[in-house]
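A.B. asks: using only what follows, build the 3D model:
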Amino acid sequence: MVDSNTPSMIEASDNLPREVRVAQLRNTIETLEIADRIAHHGYLITSSELADLMDVNASAVTSRGDNWVWRNWVVSRVRREGNQILWQLDRVD
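C.D. replies: Below is the predicted model of the structure:
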């Protein structure tokens with residue numbers, strides 16, 4: 001899995017216009033608010049939904065194991081329904 005905070009990506013984003021960087025920050029805040037809402041309501045999400053939220057490949061989500069931390073949330077594999085793995089986010093304060 002590629003970390004979106006690798007030095008080359010950070011350097012590249014420093015060269016972007018301020019408006020683009022602010023738009024990226026708005027997108028990040030929106031993503032974090034969505035994750036917070038999912039955690040707050042106890043919604044279960046699929047691996048592909050979680051991968052979309054994290055902006056990674058779905059295989060990067062499933063290869064991490066049953067419990068791990070992403071930003072401000074503990075991500076837990078809750079159960080499997082058919083061919084879908086369901087995940088739960090719990091806010092870490």
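
A.B. asks: which SS class is Val78?
C.D. replies: strand (DSSP: H, G, I helix; E, B strand; the rest coil).

A.B. asks: spatially central residue in the protein, please.
C.D. replies: Of all residues in the chain, the one closest to the mean position by Cα atoms, centre = their mean is Met54, 2.5 Å from it.

A.B. asks: please report phi then psi for that one.
C.D. replies: Backbone torsions of Met54, given as degrees, to the nearest 10, read phi -80, psi -10.

A.B. asks: I figured it was touching Arg64, is that so?
C.D. replies: No. Contact criterion Cβ atoms under 8 Å: Met54 and Arg64 do not qualify, at 10.1 Å. From N, CA and C alone the C-beta is placed, and that goes for glycine too.

A.B. asks: what bridges to Leu89?
C.D. replies: In this entry, Leu89 is beta-bridged to Val75, by DSSP bridges.

A.B. asks: show me what contacts it?
C.D. replies: For Leu89, the residues meeting the contact criterion (Cβ atoms under 8 Å, 6 or more residues apart in numbering) are Ala35, Ile38, Ala39, Ile45, Trp70, Trp73, Val74, Val75, Ser76.
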